[in-house]
Each structure stands twice: as C-alpha cells, then as structure tokens.
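Trainee: Sequence plus the predicted model coming up.
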Amino acid sequence: AVAGRQAVICPMPSPGGWPLLGRTPVGVLDLHGDPLTAYLPGDTFRFVPITPDEWDDHAGTPLAACHG
C-alpha cells in the first residue's frame, strides 16, 4: 500500500485505508520464524504480473525462497 512518500507491505488483509498496489501469493510474514520477515526497512521489491495458475504455484511460498 502507498500513501504519499510512504509505502507498506501488509502481511495480511486489514482495514488500512491506504491505496493498494496489488496482492501477492507469497508469504511475507512467518509468525514462527526468527526473524518474522525476510526483509528490512529500506529493502526494495519488484512486483510482476502473474497468471492464475502461477498464483496457485506460488501460494504460500515464503518470501525468503523467492529470487529476483
């Protein structure tokens, strides 16, 4: 989601009120992991369009397992 010069990755659906840029099937939060996320403030992301079949293929894949 983005608001002005700020952006945020929401690890689960929530009523944030910020304009959303998109969704991902990739798991961006691991409540049992240490650390909880595979990213830090200031990291960059590249989002690419995928097909419904690709969505199913990536559903639940941990972000740490993704390569860009």
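Mentor: Looks like it came in fine.
Trainee: CA only for contacts and neighbour counts going forward, please
Mentor: Noted.
Trainee: For the worst-scoring helix or strand of the chain on mean pLDDT, which outside residues touch it?
Mentor: Across the helices and strands of the chain, mean confidence by mean pLDDT, DSSP states H and E is lowest for strand 6-7: a mean of 82. The contact list for strand 6-7, computed with C-alpha atoms under 8 Å, 6 or more residues apart in numbering, reads residue 1.
Trainee: strands paired with that strand, and their directions?
Mentor: Here strand 6-7 has these sheet partners by DSSP bridges: strand 2-3 (antiparallel).
Trainee: measure the residue nearest the centre of the chain to residue 1 for me?
Mentor: Geometric centre of the chain, nearest residue: residue 28, 4.8 Å, by C-alpha atoms, centre = their mean. Per C-alpha to C-alpha, to the nearest Å, residue 28 is found 14 Å from residue 1.
Trainee: give the contact list for the closest residue to residue 29 other than its chain neighbours.
Mentor: Among residues not flanking residue 29 along the chain, residue 37 sits closest, at 5.1 Å (C-alpha to C-alpha, 6 or more residues apart in numbering). Contacts for residue 37 (C-alpha under 8 Å, 6+ apart) come out as 28-30.
Trainee: of all those, which comes closest to residue 22?
Mentor: Taking C-alpha to C-alpha as the measure, residue 22 lies nearest residue 28 of these, at 13.6 Å.
Trainee: quick one: low-confidence parts of the protein?
Mentor: Low-confidence segments of the chain (pLDDT under 70): 67-68.
Trainee: Span of stretch 15-27 from start to end?
Mentor: Stretch 15-27 has an end-to-end distance of 19 Å (C-alpha to C-alpha).
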